[in-house]
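Visitor: Let me see the structure of the following:
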Amino acid sequence: MHCGSTLAFVPELLCMAALAPAPQDGPDLWRRMGLRGSADCSGRLYRLCANHAAYDACNFALPAHDFSPLCVSCRQTRVLPDLSEPANLGRWKQIEAAKRQLFYTLARLGLEPAPGRSGPVFEFLADWPGGPPVLTGHHGGTITLNVAEADDGERARRRVALGEPYRTLIGHLRHESGHFYWDQLVRDGHCLEAFRSLFGDERLDYAAALRAHYAKGSDTGDWRPHHVSSYAASHPWEDWAETWAHYLHMVDLLETAASYQTSLSVPDPHAAQRHQVSDPFASPRPAFDDMVRQWVPLTLLLNSLNRSLGQSDAYPFALSPGALRKLRFAHDLLMQPPAG
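Guide: Reported below is the predicted structural model:
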């Protein structure tokens with residue numbers, strides 16, 4: 001708004017960039033602007049994602065020579081709801097925004113895009129009158145999301161009905177991506193025994209485990225010593241997906257706080273230690289214990305600010321030693337150098 005430049009996210013650079021029109025190089029081409037608004041001497045030319053022009057639904061750019069009209073995030077969406085329905089158009093745009101946020105975090109972790117590894121594909125579907133309900137989930141590399149989750153009222157209704165303290169679009173996508181990367185990193189990463197010793201045996205009957213979980217009804221609280229959520233206690237696969245989503249929450253929030261150079265201390269006269277939040281993606285990567293030491297006061301501040309505005313806690317969790325051991329497992333797995 002200050003300089004009037006067209007802004008776009010450049011996935012290959014993992015940053016926002018100001019773009020200048022480059023009609024001399026071809027129609028609908030843009031060149032990244034350099035310092036003080038000068039043209040980038042690298043000669044890189046970009047196009048805006050086709051979903052930007054058609055629906056104002058994307059802010060990613062792609063190289064001018066790319067084969068696809070869609071950016072690397074939008075092209076992962078294989079099935080859309082009927083976009084002639086205005087409500088579906090708004091829902092889809094919200095979901096794509098959350099998916100771009102997921103893409104960014106996974107890319108910062110070296111997972112997407114990555115040589116020799118393809119990311120998940122997505123199907124965003126709407127319920128039809130008289131048809132079977134669309135269930136959010138993951139199967140065989142495809143993540144399905146019911147677009148009704150983009151409606152605040154419907155999402156709140158389901159959150160209350162299922163006894164969940166936290167239910168968001170980005171939370172759904174992070175959770176379901178955990179199932180995808182379980183196949184990639186755990187099953188195919190030769191660490192099944194280490195996983196089973198901590199999370200349990202994933203060969204347990206999955207359908208029976210979920211039936212038992214939902215039959216319990218009210219939250220008994222017996223999950224707290226070992227899991228990040230009640231749903232995590234239903235089955236080892238869900239335990240991993242909930243832990244994975246939680247780890248992505250952690251690194252994303254820490255990175256945002258670090259970008260604002262956040263420094264804080266717990267408001268206690270006997271607690272003199274001050275915490276400078278560090279970027280979890282910095283090189284070298286911070287140790288997991290250091291991340292947790294920053295995470296606890298940061299989430300305390302976040303919740304206290306929300307309460308001051310009369311809002312519910314943004315982070316309605318308290319991590320037990322058992323949950324932290326599982327988060328450390330995810331962290332250590334991601335810190336391993338890529339195979340080959």
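
Visitor: and the end-to-end length of stretch 225-240?
Guide: Terminal residues of stretch 225-240 are spaced 15 Å apart (CA to CA, to the nearest Å).

Visitor: Now do the buried residues in it.
Guide: By neighbour count with 16 or more other CB atoms under 10 Å, stretch 225-240 contains the buried residues 226-240. In short, each C-beta sits where N, CA and C put it, glycine included.

Visitor: Tell me where this protein has strands.
Guide: 6-10, 15-21, 30-32, 45-48, 61-63, 77-79, 121-125, 137-139, 142-146, 263-264, 275-276 (DSSP state E).

Visitor: Now render the ones you listed as a markdown table, adding mean neighbour count.
Guide: Formatted as a markdown table, the strands of the chain follow (neighbours: other CB atoms under 10 Å):
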| stretch | mean neighbour count |
| --- | --- |
| strand 6-10 | 17 |
| strand 15-21 | 15 |
| strand 30-32 | 21 |
| strand 45-48 | 21 |
| strand 61-63 | 22 |
| strand 77-79 | 13 |
| strand 121-125 | 19 |
| strand 137-139 | 15 |
| strand 142-146 | 21 |
| strand 263-264 | 13 |
| strand 275-276 | 15 |
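
Visitor: Report pLDDT for the residue nearest the centre of the chain.
Guide: Geometric centre of the chain, nearest residue: residue 102, 3.4 Å, by CA atoms, centre = their mean. As predicted, residue 102 sits at a pLDDT of 96.

Visitor: now swap in residue 43 and tell me
Guide: 67.

Visitor: same thing with residue 221?
Guide: So, for residue 221, pLDDT stands at 65.

Visitor: cool, and residue 2?
Guide: The confidence metric pLDDT takes the value 74 at residue 2.

Visitor: and residue 47, what does it touch?
Guide: 28-30, 61-64, 66, 69 (CB atoms under 8 Å, 6 or more residues apart in numbering).

Visitor: which stretches of the chain form helices?
Guide: Using DSSP state H, the helices assigned to the chain run over residues 50-55, 86-108, 152-161, 169-181, 192-199, 206-215, 236-259, 288-308, 321-335.

Visitor: how distant is the helix or strand bottoming out on mean pLDDT in the chain from the center of its chain?
Guide: Ranking every helix and strand in the chain by mean pLDDT, DSSP states H and E puts helix 152-161 at the bottom, with a mean of 80. Here helix 152-161 is found 20 Å from its chain centre; the criterion is CA atoms, centre = their mean, to the nearest Å.

Visitor: Going by neighbour count, list what's buried in that helix.
Guide: 155, 158.

Visitor: quick one, that helix and helix 169-181 angle?
Guide: Angle between the axes of helix 152-161 and helix 169-181 is 60 degrees (criterion: axes from the mean of the first three to the mean of the last three CA atoms, to 10 degrees).

Visitor: Helix 152-161 - contacts with which helices or strands?
Guide: Helices and strands touching helix 152-161, by 3 or more CB pairs under 8 Å, 6 or more residues apart in numbering; DSSP states H and E: there are none.

Visitor: Give me the residues contacting it.
Guide: 148-149, 164-169.

Visitor: How about stretch 317-331?
Guide: For stretch 317-331, the external contacting residues (CB under 8 Å, 6+ apart) are 165-166, 194-195, 198-199, 224-229, 239-240, 243-244, 246-247, 250, 288, 291-292, 299.

Visitor: now do 7 Å
Guide: With contacts defined as CB atoms under 7 Å, 6 or more residues apart in numbering, stretch 317-331 is touched by 198-199, 224-228, 243-244, 246-247, 288, 292.

Visitor: now stretch 103-123
Guide: 11, 14, 72-73, 76-79, 99, 141-144, 177, 180-181, 184, 248, 251-252, 281, 334, 338.

Visitor: Equivalent analysis for stretch 83-92, please.
Guide: 55, 80-82, 124, 126, 147, 150-151.

Visitor: again, only using 6 Å
Guide: 81-82, 124, 126, 147, 150 (CB atoms under 6 Å, 6 or more residues apart in numbering).

Visitor: and it, which residues are buried?
Guide: Within stretch 83-92, the residues scored as buried using 16+ other CB under 10 Å are 88-89, 91-92.

Visitor: tell me the average confidence for that stretch?
Guide: Stretch 83-92 comes out with an average pLDDT of 93.

Visitor: now swap in stretch 257-267 and tell me
Guide: The pLDDT scores in stretch 257-267 average 91.

Visitor: Quick one: end-to-end distance for it.
Guide: For stretch 257-267, the first-to-last residue distance is 18 Å (CA to CA).

Visitor: Now find how far off-centre it is within its chain.
Guide: Offset of stretch 257-267 from its chain centre (CA atoms, centre = their mean): 22 Å.

Visitor: Sketch out the low-pLDDT regions of the stretch 1-150 of the chain for me.
Guide: For the stretch 1-150 of the chain, applying pLDDT under 70 flags the ranges 1, 35-43, 113-117.

Visitor: Now that residue 124 has come up, it's in contact with residue 147, right?
Guide: Yes. With contacts counted by CB atoms under 6 Å, residue 124 reaches residue 147, the gap being 5.3 Å.

Visitor: what do those two both touch?
Guide: In contact with both residue 124 and residue 147: residue 81, using CB under 6 Å, 6+ apart.
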